[in-house]
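Trainee: Generate a structure from the sequence data that follows.
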Amino acid sequence: MTAATEEQQVLTVGQIAEQLGVTVRTLHHYDEIGLVTPSARSHAGYRLYAPADIDRLRSVVVYRRLGLPLEQIHELLAQETPGAVAEHLQRQRAVVVSRLAELTELLAAIDRAWEQEMNGVNLTPQEQRELFGDSFSDEYAAEAQERWGGTDAWRQSEQRTREYTKADWEQIKAESEAVNAAFVAALTAGLPATSAEAMDAAEAARAHIERWFYDLDAQFHRKLSDMYVTEPRYTKTYEDVHPGLAQYVRDAIHANADRQAHVS
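Mentor: Presented below is the predicted three-dimensional model:
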């Protein structure tokens with residue numbers, strides 16, 4: 001092997017740290033305790049990791065991510081029995097899979113608890129489906145919780161909706177459909193999203209959310225509307241009403257926000 005080839009086969013402390021996602025200080029510590037000691041040095045005396053050193057270090061990184069202490073890792077790597085490391089990795093994999101199963105069960109329990117909490121709006125699951133379709137709990141609860149949970153808007157909405165009756169939700173649905181109908185009417189009439197009709201529909205949509213759920217100014221509504229074209233779930237909601245409606249609604253809401261900004 002030529003000197004040039006040998007140079008290409010080794011890595012500096014900084015290079016191997018970046019490659020494996022560890023810190024230089026960590027590598028120095030591994031060297032100090034004899035866990036992974038670079039076997040080569042540059043002409044200037046800097047540590048250099050040869051291929052065998054890099055393989056050993058990769059094993060250490062894997063073990064550390066599995067939560068093993070350094071002393072146990074040292075013992076494992078010191079074993080000369082063929083397959084010892086692979087067997088231990090197999091055992092660790094079983095532990096990880098077990099933890100994943102536990103976390104999956106915990107997530108399911110949280111989802112069930114959340115669904116029960118959402119039922120506090122005085123609607124049974126069947127009534128929710130009758131009013132809003134099968135996507136109601138997923139689209140209007142889980143997605144909202146994931147994105148807005150912990151915000152003032154979420155807390156305000158949660159407090160309001162907890163008291164709503166079935167009649168309230170029927171009215172909410174009717175108003176929402178009326179707003180969508182106004183958007184569709186403007187779109188099918190060939191009016192631009194910047195038209196007064198489209199912007200008025202956007203303002204009605206904003207007022208609807210503010211009246212029933214949480215305080216919503218035009219600028220916050222602008223940010224909210226971007227999800228109508230960037231998030232497939234929201235896009236589908238509008239596209240199911242009329243093709244091209246998601247983009248049209250988003251643009252109309254932006255236009256209305258600009259209009260409100262000029263007014264203020």
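Trainee: element containing Leu107?
Mentor: Using DSSP states H and E, Leu107 maps to helix 84-118.
Trainee: now the strands: where do they sit in the protein?
Mentor: Using DSSP state E, the strands assigned to the chain run over residues 11-12, 40-41, 47-49.
Trainee: Note down every partner strand of the last one and its orientation.
Mentor: It refers to strand 47-49. Sheet neighbours of strand 47-49, with direction, are listed as strand 11-12 (antiparallel), strand 40-41 (antiparallel) (DSSP bridges).
Trainee: And it, how far out from the chain middle?
Mentor: Its chain's average C-alpha position is 39 Å from that of strand 47-49, according to C-alpha atoms, centre = their mean, to the nearest Å.
Trainee: Give me the residues contacting that strand.
Mentor: Identification of contacts with strand 47-49 by C-beta atoms under 8 Å, 6 or more residues apart in numbering yields Val10, Leu11, Thr12, Val13, Ile16, Asp31, Pro38, Ser39, Ala40, Arg41, Ser42, Leu57. Any C-beta I mention is one placed from the backbone N, CA and C, and that applies to glycine too.
Trainee: list the contacts for Val184?
Mentor: Counting by C-beta under 8 Å, 6+ apart, Val184 touches Val241, His242, Leu245.
Trainee: picking that back up, pLDDT, distance to Glu71 and neighbour count added to the contacts of strand 47-49, as a markdown table?
Mentor: Formatted as a markdown table, the contacts of strand 47-49 follow (pLDDT from 0 to 100; distance: C-beta to C-beta, whole Å; neighbours: other C-beta atoms under 10 Å):
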| residue | pLDDT | distance to Glu71 | neighbour count |
| --- | --- | --- | --- |
| Val10 | 87 | 28 | 20 |
| Leu11 | 90 | 26 | 22 |
| Thr12 | 90 | 27 | 15 |
| Val13 | 89 | 23 | 18 |
| Ile16 | 90 | 22 | 22 |
| Asp31 | 91 | 16 | 16 |
| Pro38 | 92 | 21 | 21 |
| Ser39 | 89 | 22 | 14 |
| Ala40 | 86 | 26 | 15 |
| Arg41 | 82 | 27 | 11 |
| Ser42 | 81 | 31 | 11 |
| Leu57 | 90 | 17 | 22 |
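Trainee: per the record, what domains does this protein have?
Mentor: Using automatic domain parsing, the domains assigned to the chain come out as 3-78, 80-121, 122-263.
Trainee: Show me where the stretch 1-150 of the chain has its helices.
Mentor: Using DSSP state H, counting those that start in this stretch, the helices of the stretch 1-150 of the chain run over 3-9, 13-20, 24-32, 51-65, 70-78, 84-118, 125-132, 136-137, 143-148.
Trainee: Which members of the contacts of strand 47-49 are the farthest-apart pair?
Mentor: The span of the contacts of strand 47-49, defined through C-beta to C-beta, is set by Ser42 and Leu57 at 17.8 Å.
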